[in-house]
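Visitor: Pasted the sequence and its predicted model underneath.
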Amino acid sequence: MTFAALGLIAPLVQTLEALGYQTPTPIQQQAIPGILKGRDLLACAQTGSGKTAGFALPLLQKLLQEGPAVTSNSVRSLILVPTRELAEQINESLRTYGQAVPLGSYAVYGGVSINPQMMRLCKGVDVLVATPGRLLDLYRQNALKFSQLQVLVLDEADRMLDLGFSRELDELFAALPKRRQTLLFSATFSDAIRQMAKELLRDPLSIEISPRQVTAQSVQQWLIPVDKKRKTELLLHLLRTNNWGQLLVFAKTRKGVEQLCQTLQAAGLSSDAIHGDKPQPSRLKALQRFKAGEVQVLVATDVAARGLDIQDLPRVINLDLPMVAEDYVHRIGRTGRAGATGEAISLVAADEVELLRAIETLTGHLLQRREDPDFSPEHRVPLTAPGSQPPKRPKKPKVSQPAGAKGKIHLGNWFEEADSKPSSRPVRQVPKLGGTKPPRAPRGKG
């Protein structure tokens with residue numbers, strides 16, 4: 001099977017040949033012909049499977065062959081994505097694939113000034129890649145018109161819902177023309193996304209390249225049990241003893257990312273950080289430095305889990321497990337892309353066992369444990385199995401009480417002797433009900 005056999009025109013095929021693309025991936029083989037025929041599409045494929053080219057190539061061809069030239073403040077095709085990084089990645093792919101055709105693309109997202117974006121949109125854009133919040137801002141300020149829209153693409157729509165964009169999406173869908181081609185691509189599909197597809201898509205071609213919610217077979221996954229307080233120490237140990245090259249490390253919080261980056265730099269390792277608090281130019285610069293090989297370790301939060309496309313990245317490390325199991329799929333999908341092999345290592349502490357259990361249930365894969373003898377944890381990580389339930393806590397035994405007593409008798413700070421309250425102060429005893437009054441202690445003078 002060749003790209004030409006899928007129906008792509010010569011300029012696109014020649015560009016792909018120059019890029020070294022020889023054989024279409026399974027998602028490309030099924031998606032490209034359907035999109036060229038004008039079908040709506042509901043496609044699920046693993047991250048790194050080539051789905052961006054699966055919709056970008058036929059999209060460019062359709063815009064080149066159909067419809068009038070774009071007018072001021074208009075767009076002919078709209079690609080909605082959840083994060084800034086993914087917007088830049090897709091826009092870069094569009095420019096690469098479309099270098100031999102006279103079409104323009106542009107990316108808009110928050111975190112940067114809106115004015116340059118409004119000025120660029122004045123000329124009109126053939127393909128606009130956007131995050132929902134910034135796109136809605138531009139639409140409300142009349143910087144965008146959708147009357148020429150031919151194709152809508154939703155990429156990673158489940159993540160958009162996870163990030164709370166449902167209201168923005170509803171408002172945007174209401175503003176778009178009803179007559180359009182709609183393509184919904186995602187690495188994972190939740191029930192909410194399937195419901196969205198029923199409302200947006202017309203007789204869609206459904207493609208599912210792999211079972212739902214699975215990780216790529218090309219990525220070797222394993223974990224190291226370790227106490228939480230020693231995770232950074234273990235990471236430094238692994239870097240020194242294994243002579244690893246470039247490494248992408250995921251941490252749970254922005255503060256944790258910055259602290260780890262500072263520790264790595266203090267140890268003489270070149271590193272940079274990506275997280276939601278950093279300005280977009282700083283995030284792009286960090287990514288560019290990493291891609292150029294100027295930085296050995298890139299530390300990121302989950303904001304980068306679906307937007308980083310790095311050639312030949314050999315290894316990903318989860319310093320912390322993600323709070324949402326689906327994010328694990330996208331984290332480790334940064335390695336082992338496009339048929340290459342990769343390695344994903346998770347440093348797991350005892351208090352993360354439920355997160356581990358959720359990941360193993362989602363992927364149907366029990367992560368192999370490789371304990372480092374120099375970092376054996378004091379707090380053991382309980383054994384897990386996909387789909388297993390956490391052990392039930394034993395019920396607290398009831399405290400026996402004197403015959404005739406009805407539970408705890410509470411009178412201010414007084415407690416029954418049979419169920420006394422721990423305190424640093426002596427606890428005075430409640431007089432026995434119905435008994436004689438104890439003699440009053442003599443008062444001291446003064």
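Guide: Ah, there it is. Residues are numbered from 1 along each chain as shown.
Visitor: Low-confidence stretches in the stretch 151-300 of the chain?
Guide: 187-188, 210-216 (pLDDT under 70).
Visitor: Name the nearest residue to the residue nearest the centre of the chain, ignoring sequence neighbours.
Guide: Geometric centre of the chain, nearest residue: D327, 4.1 Å, by C-alpha atoms, centre = their mean. The shortest distance from D327 to any residue other than its chain neighbours is 4.9 Å, reached at D302 (C-beta to C-beta, 6 or more residues apart in numbering). For glycine as for every other residue, the C-beta is placed from the backbone atoms N, C-alpha and C.
Visitor: Quick check: that neighbour touching P322?
Guide: Yes: counting by C-beta atoms under 8 Å, D302 touches P322, with 5.9 Å between them.
Visitor: Could you name every residue contacting both of those two?
Guide: Common neighbours of D302 and P322, counting by C-beta atoms under 8 Å, 6 or more residues apart in numbering, are 250, 331.
Visitor: which stretch of helix or strand covers S206?
Guide: strand 205-208 (DSSP states H and E).
Visitor: Can you name the residues in contact with that strand?
Guide: 27, 30-31, 34, 39-45.
Visitor: One more pass at 7 Å, please.
Guide: 27, 30-31, 34, 39, 41-44 (C-beta atoms under 7 Å, 6 or more residues apart in numbering).
Visitor: for stretch 130-140, same thing?
Guide: With C-beta under 7 Å, 6+ apart, stretch 130-140 has contacts from 78, 80-84, 87, 108-110, 114, 117-118, 121, 144, 160, 165, 168-169, 171-172, 175.
Visitor: Make a ChimeraX selection of the buried ones in the residues you listed.
Guide: To isolate the buried ones among the contacts of stretch 130-140 in ChimeraX, judged by 16 or more other C-beta atoms under 10 Å, type:
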select :78,80,81,82,83,84,87,108,109,117,118,121,144,160,165,168,169,172
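Visitor: Narrow the contacts of stretch 130-140 to those in strands?
Guide: Residues of the contacts of stretch 130-140 located in strands (DSSP state E): 78, 80, 108.
Visitor: what bridges to the second one?
Guide: Following DSSP bridges, L80 is listed with bridge partners A130, L154.
Visitor: Am I right that it is in contact with L149?
Guide: No: the pair L80 and L149 does not pass the contact test of C-beta atoms under 7 Å, sitting 11.9 Å apart.
Visitor: just the strands in the chain please.
Guide: So, for the chain - with DSSP E - the strands run 41-44, 75-80, 105-108, 125-130, 151-155, 181-186, 205-208, 219-225, 247-250, 271-274, 297-300, 315-318, 342-348, 368-369.
Visitor: which other helices and strands contact the fifth one?
Guide: Contacts defined by 3 or more C-beta pairs under 7 Å, 6 or more residues apart in numbering; DSSP states H and E place strand 151-155 against helix 51-65, strand 75-80, strand 181-186.
Visitor: Any idea which of the ones you listed gets closest to V295?
Guide: Nearest of the helices and strands packed on strand 151-155 to V295, taken as C-beta to C-beta: helix 51-65 at 24.2 Å.
Visitor: CA atoms only for the closest one, dumped as CSV, please.
Guide: What follows is helix 51-65, C-alpha atoms only, in CSV (Å, rounded to 0.1, in the frame of the first residue of the first chain):
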residue,chain,number,x,y,z
LYS,A,51,-3.4,10.1,13.1
THR,A,52,-2.3,13.7,12.6
ALA,A,53,-1.2,12.9,9.0
GLY,A,54,-4.3,10.8,8.8
PHE,A,55,-6.5,13.9,8.8
ALA,A,56,-4.0,16.6,7.8
LEU,A,57,-3.2,15.2,4.4
PRO,A,58,-6.7,14.7,3.0
LEU,A,59,-7.8,17.9,4.6
LEU,A,60,-5.1,19.9,2.6
GLN,A,61,-6.1,18.1,-0.6
LYS,A,62,-9.8,18.8,-0.2
LEU,A,63,-9.2,22.5,0.5
LEU,A,64,-6.9,22.7,-2.5
GLN,A,65,-9.5,21.1,-4.8
